[in-house]
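Chemist: Sequence and predicted structure, then a few things I'm wondering about:
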2 protein chains.
Amino acid sequence: MEDFKVLEIKTSIFSDNSLQASKLREELKDKKVFLLNLMSSPGAGKTTTLTRTIEALKHRLRIGVMEADIDSDVDARTIQKTGVKTIQLHTGGMCHLDAEMTRQGLEGLDTDGLDLVILENVGNLVCPAEFDTGAVKNAMILSIPEGDDKPLKYPLMFSVCDVVLINKMDVMPYFDFDLETCKADIRLRNPNAIIIPISALRNEGIKEWTDWLNNAVKSWCE
Amino acid sequence: MEDFKVLEIKTSIFSDNSLQASKLREELKDKKVFLLNLMSSPGAGKTTTLTRTIEALKHRLRIGVMEADIDSDVDARTIQKTGVKTIQLHTGGMCHLDAEMTRQGLEGLDTDGLDLVILENVGNLVCPAEFDTGAVKNAMILSIPEGDDKPLKYPLMFSVCDVVLINKMDVMPYFDFDLETCKADIRLRNPNAIIIPISALRNEGIKEWTDWLNNAVKSWCE
């Protein structure tokens, strides 16, 4: 098993993040590397979902993972066990990543020979939604215990995501969560959002999600 | 039932937030008003816990609530039903409140005749921890479904809180959450933290929490 690198990323010096993000996306297109930005609240199940995603796709795609955290390397250690190339990004207290910070991460990871890089963003429904990281697609995880009112309370996050995974479906019986209301509220913010209910723990719904992701990577890298 | 006010708060113009926070705390001391800053991830149960807290204390204390949200007034509507004075603060996309923003909220609420004001901060484990709001005490809610590793991943939040409520104890059997490890990791960051397991849904642990809060208010207002 390889060791993973821990990179202390620096606050961005660029004022025009959108421009930096567009540039980064063009470079990724040239290199045929697909970058997915994965966001959620703390504890929604990003790391478990990521583990399932890697298990499903690692024989079809060459995958790298960037684990962004304020501190700690708990998640990088978990992901590293899947055998994919992993880097831990420490944001030094920053609550989000912008395009320049993402670029530092990609350089630290080294994307040579990779098809898919997944950025596990800082656990936060507010700030990460405000910054284009340069990713090709954004996905977010909403978990059942968080409640069905989150699309109303964190509208921007739901607007910027191409895919919303509704996770922890296995504990649905123990929570007051109305799936149809939640879906309708997501579509209100983002009519094109792809919504996939999953249970990362039980490996349910992962096929639909990873098929979508695999197709997205294929069409980007063509 | 009274209507509640919705206040669009403005970004702070002060550079020294600590100074503004200390000033605000002194003014609250003079007015004998106790301000509690309640923080958590999205969906950890702030509003339900707040409802239980109000039910337990409203005959002993005169309570006001400030509901801070990016958007929406879902929570203010819920809290207003308890009969206490409520104001909805819209942060205009901001991920936290600082002391000046909190002051705007308190002026909008009007604290005359109140003993206890509770600020329900934006659902976020990162940014709210970085800004002293001027509150007398900070409390946070960590919920079982979020996982026991949160004190490692969001250390500052656990360091700045006087009380950590561990909520959704009723769903403990369905999650892999080690309470003792979690408590030990909280104490590592904050040896003085008061840790109280609760189930807001089942009204369990609320007496211990509200007894602590009631005593804290009494000693502040003496």
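Modeler: Great, that's in hand. Numbers count the residues shown, from 1 in each chain, chains lettered A, B, ... in the order given.
Chemist: Which parts of stretch A:52-66 count as buried, going by neighbours?
Modeler: Across stretch A:52-66, burial judged by 16 or more other Cβ atoms under 10 Å in any protein chain shown covers A:52-54, A:56-57, A:61-66. For glycine as for every other residue, the C-beta is placed from the backbone atoms N, C-alpha and C.
Chemist: Check whether that stretch comes into contact with chain B.
Modeler: No - applying Cβ under 8 Å from any Cβ of the partner chain, one finds stretch A:52-66 out of contact with chain B, separated by at least 15.5 Å.
Chemist: What's the mean pLDDT across that stretch?
Modeler: The average pLDDT for stretch A:52-66 rounds to 97.
Chemist: Over to stretch A:155-167?
Modeler: 97.
Chemist: and it, how far out from the chain's middle?
Modeler: 11 Å (Cα atoms, centre = their mean, to the nearest Å).
Chemist: need the contact list for the nearest residue to A:Lys85 once chain neighbours are set aside.
Modeler: Of all residues not flanking A:Lys85 in the chain, A:Gly64 sits nearest, at 4.3 Å (Cβ to Cβ, 6 or more residues apart in numbering or on different chains). Listed by Cβ atoms under 8 Å, 6 or more residues apart in numbering or on different chains, the contact set of A:Gly64 reads A:84-87, A:109, A:111, A:114, A:116-118.
Chemist: quick one: secondary structure of A:Gly64?
Modeler: strand (DSSP: H, G, I helix; E, B strand; the rest coil).
Chemist: Dig out what it forms beta bridges with.
Modeler: A:Lys85, A:Val117 (DSSP bridges).
Chemist: Is the helix or strand of chain A with the lowest mean pLDDT in proximity to chain B?
Modeler: For chain A, using mean pLDDT, DSSP states H and E, the weakest element among its helices and strands is strand A:5-8, scoring a mean of 79. No - using Cβ under 8 Å from any Cβ, we find that strand A:5-8 stays clear of chain B, coming within 14.3 Å at best.
Chemist: what's the answer for stretch A:28-40, then?
Modeler: No - figure legend: stretch A:28-40 not in contact with chain B (Cβ under 8 Å from any Cβ); closest approach 9.3 Å.
Chemist: Over to stretch A:178-191?
Modeler: No - figure legend: stretch A:178-191 not in contact with chain B (Cβ under 8 Å from any Cβ); closest approach 10.3 Å.
Chemist: what sits up against that stretch?
Modeler: By Cβ under 8 Å, 6+ apart, stretch A:178-191 touches A:142, A:148-152, A:155, A:158-159, A:161, A:164, A:166, A:172, A:193, A:195, A:197.
Chemist: Tell me what the spatially most central residue of chain A is bridged to.
Modeler: When Cα atoms, centre = their mean is applied to chain A, the residue found nearest the centroid is A:Leu38 (1.0 Å). Here A:Leu38 sits in beta bridges with A:Glu120, A:Ala139, going by DSSP bridges.
Chemist: Now for it: which residues touch it?
Modeler: A:46, A:49-50, A:118-121, A:139-141.
Chemist: want to try TSV for these, with neighbour count as columns?
Modeler: Listed next are the contacts of A:Leu38 as TSV, based on neighbours: other Cβ atoms under 10 Å in any protein chain shown:
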residue	neighbour count
A:Lys46	26
A:Thr49	25
A:Leu50	24
A:Ile118	26
A:Leu119	26
A:Glu120	25
A:Asn121	29
A:Ala139	26
A:Met140	29
A:Ile141	24
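Chemist: Any of the contacts of stretch A:178-191 buried? List them.
Modeler: Buried among the contacts of stretch A:178-191 (16+ other Cβ under 10 Å): A:142, A:148-152, A:155, A:158, A:161, A:164, A:166, A:193, A:195, A:197.
Chemist: which intervals of chain A have sub-threshold pLDDT?
Modeler: Applying pLDDT under 70 to chain A flags the ranges A:1-3, A:11-13.
Chemist: where exactly do the strands run in chain A?
Modeler: For chain A, strands defined by DSSP state E occupy the ranges A:5-8, A:34-40, A:63-69, A:85-90, A:116-120, A:137-143, A:163-167, A:194-197.
Chemist: The first one: which residues count as buried?
Modeler: Of all the residues in strand A:5-8, those buried under the rule 16+ other Cβ under 10 Å are A:Leu7.
Chemist: Identify the residues contacting that strand?
Modeler: Applying Cβ under 8 Å, 6+ apart, the contact partners of strand A:5-8 are A:73, A:76, A:87-90, A:92, A:104-105, A:108-109.
Chemist: Am I right that A:Lys29 is in contact with A:Glu222?
Modeler: No - applying Cβ atoms under 8 Å as the test, A:Lys29 and A:Glu222 come out as separate, 10.5 Å apart.
Chemist: Neighbour count: the two, which is higher?
Modeler: For A:Lys29 versus A:Glu222, neighbours defined as other Cβ atoms under 10 Å in any protein chain shown are more numerous around A:Lys29 (13 against 6).
Chemist: Can you get me a residue count around the nearest residue in space to the more buried one that is not next to it in sequence?
Modeler: The shortest distance from A:Lys29 to any non-neighbouring residue, by Cβ to Cβ, 6+ apart, is to A:Trp220 (7.1 Å). Residues lying near A:Trp220 (other Cβ under 10 Å) number 18.
Chemist: I'd say A:Trp220 and A:Val136 touch.
Modeler: Yes - with contacts counted by Cβ under 8 Å, A:Trp220 reaches A:Val136, the gap being 5.6 Å.
Chemist: Would you tell me which residues of chain A are close to chain B?
Modeler: Going by Cβ under 8 Å from any Cβ, the residues of chain A near chain B are A:41-43, A:69-72, A:74-75, A:93, A:95, A:122-127, A:130, A:143, A:145-147, A:149-150, A:152-156, A:168, A:170-171, A:174-175.
Chemist: Separate out the buried members of those.
Modeler: A:41-43, A:69-70, A:72, A:74-75, A:95, A:122-127, A:143, A:145-147, A:149-150, A:152-156, A:168, A:171, A:174-175.
Chemist: can the strands of chain A go into TSV with extra columns for distance to B:Phe14?
Modeler: Conversion of these to TSV gives the following (distance: least, Cβ to Cβ, whole Å):
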stretch	distance to B:Phe14
strand A:5-8	30
strand A:34-40	31
strand A:63-69	30
strand A:85-90	29
strand A:116-120	34
strand A:137-143	34
strand A:163-167	38
strand A:194-197	42
